[in-house]
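Visitor: Take this sequence and fold it.
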Amino acid sequence: MTPRNGLDSLLRPENSVLVLIDHQPYQLTNVNSHEPQMVVNNAAALAKAAKAFGVPTILTSVIADRGGRIFPQITDVFPGQEVIDRTFINTWQDEKVVDAVKATGRKQLIIAGLWTEICVAMPAIQALGEGWDVTVVTDASGGTSVEAHEVAIQRMIMAGANMMTWLAVAAEWQRDWARTEHAAELSEVLVQHAAGSGIAFLWEQQLLNTPVPRDAG
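Guide: Below you'll find the predicted structure:
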């Protein structure tokens, strides 16, 4: 397995494409690897970060008539966008999804979904075998147990996948705070979804905008 290192291995928004898989009610009811609200929060944050950086995002569900629609916290980020509904458990066997990814011209394939051991692992492993540069966002995904999630991660690592969390993905897309074109949008995502980091940012802004008392010092 070729080590993933060097500057070119880092994620770049201009070469990234995000696929969000099966963030649906049925799957969420049996997520036991994470607190379910955390998965919803992190998936929504990832979607918002992708939109902020202009990263094409493909939304896909499996048999939505029975499993439920993609969480509104995600679809509301992309109003009017088609959600590709599948019968294939393995997303990468669905030609419509694969064609949508290929149409972007991007090579860094980023995946998150429910469940990690099935609906994330299958397409990740297949895409890796076809030469894609695959990153899995582990905290915007979830498995039916801690063991299922962790074993899936190890399996995908052995196949050559890169593992990251949503905040690490967003930071890698930003890369340099001197790149101000998306900094404000990213900061808003942090405030909404990054808990302590977002609150710390608001506190910093408060302090910067608080006049120093005249009798200080």
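
Visitor: contacting residues around the residue positioned nearest the centre of the chain?
Guide: The chain has Leu46 as the residue nearest its centroid, 4.1 Å off, counting by Cα atoms, centre = their mean. If a contact means Cβ atoms under 8 Å, 6 or more residues apart in numbering, then Leu46 has 18, 20, 112, 137, 140, 166, 169-170 as its contacts. C-beta coordinates here come from the backbone N, C-alpha and C atoms, glycine included.

Visitor: nearest to Gln93, of those?
Guide: Within those, the smallest distance to Gln93 is 17.3 Å, found for Leu20 (Cβ to Cβ).

Visitor: and for the helix or strand containing that closest one, what are the contacting residues?
Guide: Using DSSP states H and E, the element containing Leu20 is strand 16-21. If you take Cβ under 8 Å, 6+ apart as the criterion, strand 16-21 is touched by 43, 46-47, 50, 53, 55-60, 70, 74, 91, 97, 101, 104, 106, 108-114, 119-120, 123, 140, 173.

Visitor: and it, which strands flank it?
Guide: Applying DSSP bridges to the sheet, strand 16-21 is found paired with strand 57-62 (parallel), strand 108-113 (parallel).

Visitor: Show me what the spatially closest residue to Asn15 that is not a sequence neighbour is bridged to.
Guide: Excluding the flanking residues, the one nearest Asn15 by Cβ to Cβ, 6 or more residues apart in numbering is Gln108, at 4.9 Å. On the basis of DSSP bridges, Gln108 is bridged to Ser16, Asp133.

Visitor: next one: Met164
Guide: Beta-bridge partners of Met164, counted by DSSP bridges, are Val137.

Visitor: What are the buried residues along stretch 127-146?
Guide: Across stretch 127-146, burial judged by 16 or more other Cβ atoms under 10 Å covers 127-128, 132-144.

Visitor: from the residues you listed, which is closest to Arg179?
Guide: Distance to Arg179, by Cβ to Cβ, is smallest for Thr135 among the buried residues of stretch 127-146, at 20.3 Å.

Visitor: ok but that closest one is inside a strand, no?
Guide: Yes. Counting by DSSP: H, G, I helix; E, B strand; the rest coil, Thr135 is found in a strand.

Visitor: shaky segments in this structure?
Guide: The chain contains residues with pLDDT under 70 at 1-3, 212-217.

Visitor: if you set the cut-off to 50 instead, what comes out?
Guide: Of all residues in the chain, none has pLDDT under 50.

Visitor: Counting neighbours, what do you get for the closest residue to Arg175 other than its chain neighbours?
Guide: In space, Arg175 comes closest to Leu10 once its chain neighbours are excluded; the distance is 7.4 Å by Cβ to Cβ, 6+ apart. Applying other Cβ atoms under 10 Å, we find 13 other residues in the vicinity of Leu10.
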